[in-house]
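Trainee: Fold the stuff below for me.
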Amino acid sequence: MPPRTRISNGKLAIGVLVGFAALGLGPVAHMMLNPSVDGNRELPSHMTMRGAYINSGSKDAGPDRPLTDIVRKQFDGISNLLKAQSGLHGSAGPRGQRPASKGLYMFGGVGCGKTMLMDLLVASAPKEFQVQRTHFHDFMLDIHGRLRHTKGEADPLKHVADDVAAGIKVLALDELFVTDVADAMILHRLFGRLWDSGLVLVATSNRAPDALYENGLQRQLFLPFIARLKEACVIHNMNSPVDYRRLAHHTRGLYFLTPDRTALLHKAFLEYGEDSLSGAAAAGSSSSSSSGSVGNPGPLNVDVAMGRTLHVPQALGFAAMFDFDELCNRPLAAADYIALANRFHTLAVADVPLFNAANRAAAYRFVTLIDVMYEHRVRMLISAEATPFELFEQHLIPDVS
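Mentor: Residues are numbered from 1 along each chain as shown. From the prediction side, this is the model:
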């Protein structure tokens, strides 16, 4: 690999906590600390919630142990009620006819264990609980796709909600972070119907419920969702002064700062791309699944949901490279970034600028991009004008959580 400029874990963590947390999105921090493709987060299938609690939350773990009593008790309550109600989950009916278990909404900053807790529930739940674990962006993309294909229904949203509820009892929703007005306008009716059907929501977020969609367009229409969320879920603040992810060693991240940062980034992109071409050739993969030739990246178009395509200016094997403006100063959204994540295992982004009030929309897109790449385990290579701390030093959004 080419020479690289590294940022110490301490300085990087400060930048993440002060800068990226101001945007309310923890995966940005995790991506910067551990951007490599590191496999899945699955736990042994035999691990129970109580066993996991004992193993990772023992009395020796200190006051900031990630598995707290309130979380364990809530998970146990969800588990016990679902066992007792195994025959009660059916078509939606009037609210109150079916016993309902409160779900759990966990919010907090970087590295406090929110996603780990949710994954413990998913890993330990028996099949009859019908748990679906997904990311908020992917879930909403699926909902909008279903709505587009729902024809002849008097109430398409009700039909889609009932269809979703018919297949699951517990929805484990990671990183609930609302920025899209289209999502904001349907969440109250969508989740109202899901909750009325008996669905249990276990969600993670970097923001408290009252801070969701803050300053968003027509936010008054979103407020009923917040009220219902607080009614349907136990709200648990997971904030902790300890970032548990910093306890691990992360050595594969590439974040370039020096004057020749763009050249170094491009060299790293070429090496990862050529490696993927070599790997595909060794495995006998079809050339149609990769792009470009050794040393010669080329453009291509990637299919996006809703029949759109996204132009990729430089692609080599399973690596892609964009200028920051090409990804974040254009009207792109999570669907576009998910399409990239499904196509490439490495994404290089050049010339990330300092963020301020003038480029707030681009900052939000950058946050969404990092969020999606983190969720899909895509390696990121970044060249930037400054350290993560300095990129967000002007605190675009106050930390209200």
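Trainee: Residue 177 against residue 139, yeah?
Mentor: No: Residue 177 is beyond contact range of residue 139, at 11.9 Å (criterion: C-beta atoms under 8 Å). All C-beta spots, glycine's among them, are computed from the backbone N, C-alpha and C.
Trainee: In terms of neighbours, single out the busier of these two.
Mentor: A side-by-side neighbour count of residue 177 and residue 139, using other C-beta atoms under 10 Å, places residue 177 first with 25 against 18.
Trainee: where does this protein dip in pLDDT?
Mentor: The chain contains residues with pLDDT under 70 at 1-101, 110-111, 240-253, 279-295, 395-401.
Trainee: Okay, helices next: where are they in it?
Mentor: 9-18, 27-33, 49-56, 69-84, 114-124, 136-148, 156-167, 181-196, 223-232, 261-282, 324-328, 334-343, 360-375, 388-391 (DSSP state H).
Trainee: Out of those, the one nearest residue 209 is which?
Mentor: helix 223-232 (5.1 Å; C-beta to C-beta).
Trainee: ranking the helices of the chain by burial, who's on top?
Mentor: Each of the helices of the chain was scored by mean neighbour count; the highest is helix 27-33, a mean of 24, by mean count of other C-beta atoms under 10 Å.
Trainee: got the angle for the lengthiest strand in the chain vs helix 261-282?
Mentor: Longest strand in the chain by number of residues (criterion: DSSP state E): strand 308-316. Here strand 308-316 runs at an angle of 90 degrees relative to helix 261-282 (axes from the mean of the first three to the mean of the last three C-alpha atoms, to 10 degrees).
Trainee: how close does residue 229 sit to residue 239?
Mentor: 18 Å (C-beta to C-beta, to the nearest Å).
Trainee: oh, I was asking about residue 107
Mentor: 8 Å.
Trainee: now residue 277
Mentor: Residue 277 is 44 Å from residue 239, by C-beta to C-beta.
Trainee: quick one: contacts for the closest residue to residue 353 other than its chain neighbours?
Mentor: Nearest residue to residue 353, sequence neighbours excluded (C-beta to C-beta, 6 or more residues apart in numbering): residue 385, at 5.3 Å. Contacts for residue 385 (C-beta atoms under 8 Å, 6 or more residues apart in numbering) come out as 351-354, 391.
Trainee: how many neighbours does the nearest residue to residue 256 once chain neighbours are set aside have?
Mentor: Distances taken as C-beta to C-beta, 6+ apart place residue 383 nearest to residue 256, at 4.2 Å, with adjacent residues excluded. As a burial measure, residue 383 scores 25 neighbours (other C-beta under 10 Å).
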